[in-house]
Structures are given as structure tokens and as C-alpha cells.
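A.B. asks: Kindly generate the corresponding structure for this input.
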Amino acid sequence: MMQAPEHPAGAFVPEQDYAPSRRAEFIADLARAPALLCQAVAGLSEEQLDVRYRNWTIRQIVHHLVDSHVNSYVRFKWTLTEDQPTIKAYDEGRWAALEDSQHGDIQPPLALLEGLHGRWVPLLRSLTEQQFTRTFIHPQTGNSMNLNAALCYYAWHGKHHTAQITWLRERHAW
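C.D. replies: Below you'll find the model as predicted:
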């Protein structure tokens, strides 16, 4: 069987241009992400949810996407309310290995993602140019990242994991 591509939606490419129109595209990507993920997993059986895409099953990918976006939302809030906070890192592999991610129902995380993006997208749309330049520190690298760059990454992140599921569906003709 063919090896699944590492980046079925294309590799992440950080951008330097965060013009308001480009930022609006990233926010629109985040707004669409929950519906696209729901569409990607619609009708999959329990057995299909447990099929692996490289290292994680579809079920784990769904749980990971929600875990990651919850963490990002909190990081945005910290960055908007504190002066250059050091964010809390988490081990996504260990989170994906937890029982809820390995065997849990995907409906609660899908609902959580929809609700989360229902809060995150309006927040993003309300931010000023200056607020998007606020920064946080990542504790593992010590690097500073601004909210423009984080938005760019998470807009890609949702498409990346949804494309993994879509790739599996196409590969198996589900």
C-alpha cells in the first residue's frame, strides 16, 4: 500500500504578509474548519475511525485537532491579556495516546470544535492590527511568535488534518 503523504494539504509555509485581506482569508479558513472536518468524517464506521493515517487513527486526528485548537485559543487569550506571556506547551503525542483520544466518541470533540470556533472566529474578527502583532514566548524554543503567525499556522493546521482524513477516504474509496 502506498505510504500516506506527510502533508496532503501541502507543507506549512509561514507567511510574512499579514495584510488585512490575507488575515481575513485565514480567519475564514478557521470559520470553515469545523464543518469541513464534520464532512470529512461523516458516515465513517467505528472501524474506519480506527484506521491509521501514518501515526494516528482518524479518531485520534479528530481529538488532536480539537485539543490543539483549544490550546491555541487559550494562547490567543493569554497573549491579548498579558504582556508577552510564556505559553504552556503540551505533548500532542501523549495527549493522542490517552484513552479518550484512542477510543472516544468523536461527536463531543466535533461539537467542541464548532463551539470553540464559534467563539474564536468572532474574537479574531474583532482584533486590531496592533493586537495581531502581540507576541507570546514558546517555552520549548524560547522563540517569540506573534498572533499573525499563529493565525496563519492554525488556518493551515485545520486544513492539514482534514486533508489526512480525506486522503484516507479517497484511498479506501469510502
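
A.B. asks: For the protein, just list every one of the helices.
C.D. replies: Counting by DSSP state H, the segments of the chain that form helices are 20-41, 46-49, 58-81, 92-96, 99-103, 107-126, 129-132, 147-172.

A.B. asks: Tally up the residues packed near residue 144, please.
C.D. replies: Here the number of neighbours of residue 144 (other CB atoms under 10 Å) works out to 11. C-betas here are computed from N, CA, C, even on glycine.

A.B. asks: of all the helices of the chain, which lies closest to residue 10?
C.D. replies: For residue 10, the closest of those is helix 147-172, at 8.1 Å, according to CB to CB.

A.B. asks: Could you pull out the buried residues of the closest one?
C.D. replies: For helix 147-172, a neighbour-count test (16 or more other CB atoms under 10 Å) marks 147-169 as buried.

A.B. asks: Could you check the angle that helix makes with helix 107-126?
C.D. replies: 140 degrees (axes from the mean of the first three to the mean of the last three CA atoms, to 10 degrees).

A.B. asks: what's the spacing between helix 147-172 and its chain's center?
C.D. replies: 7 Å (CA atoms, centre = their mean, to the nearest Å).

A.B. asks: With stretch 133-142 instead?
C.D. replies: 18 Å.

A.B. asks: Then stretch 22-36?
C.D. replies: Centroid separation for stretch 22-36 versus its chain: 11 Å, with CA atoms, centre = their mean.

A.B. asks: just stretch 165-174 next, same as before
C.D. replies: 20 Å.

A.B. asks: likewise stretch 109-122?
C.D. replies: 11 Å.

A.B. asks: which parts of that stretch are buried?
C.D. replies: Of the residues in stretch 109-122, those buried (16+ other CB under 10 Å) are 109, 110, 112, 113, 116, 117, 120, 121.

A.B. asks: try stretch 78-95
C.D. replies: Quick answer for stretch 78-95 (16+ other CB under 10 Å): 78, 79, 85, 87, 95.

A.B. asks: Ends of it, what's the gap?
C.D. replies: Across stretch 78-95, the terminal residues are separated by 22 Å (CA to CA, to the nearest Å).

A.B. asks: what's the answer for stretch 48-65, then?
C.D. replies: One end of stretch 48-65 sits 18 Å from the other (CA to CA).

A.B. asks: buried stuff in that stretch?
C.D. replies: 48-49, 51, 53, 56-65.

A.B. asks: just curious, which of those is nearest to residue 15?
C.D. replies: Looking across the buried residues of stretch 48-65 and measuring by CB to CB, the closest to residue 15 is residue 65, at 21.2 Å.

A.B. asks: got the contact list for the closest one?
C.D. replies: Counting by CB atoms under 8 Å, 6 or more residues apart in numbering, residue 65 makes contact with 37, 109, 113, 157, 158, 161, 162.
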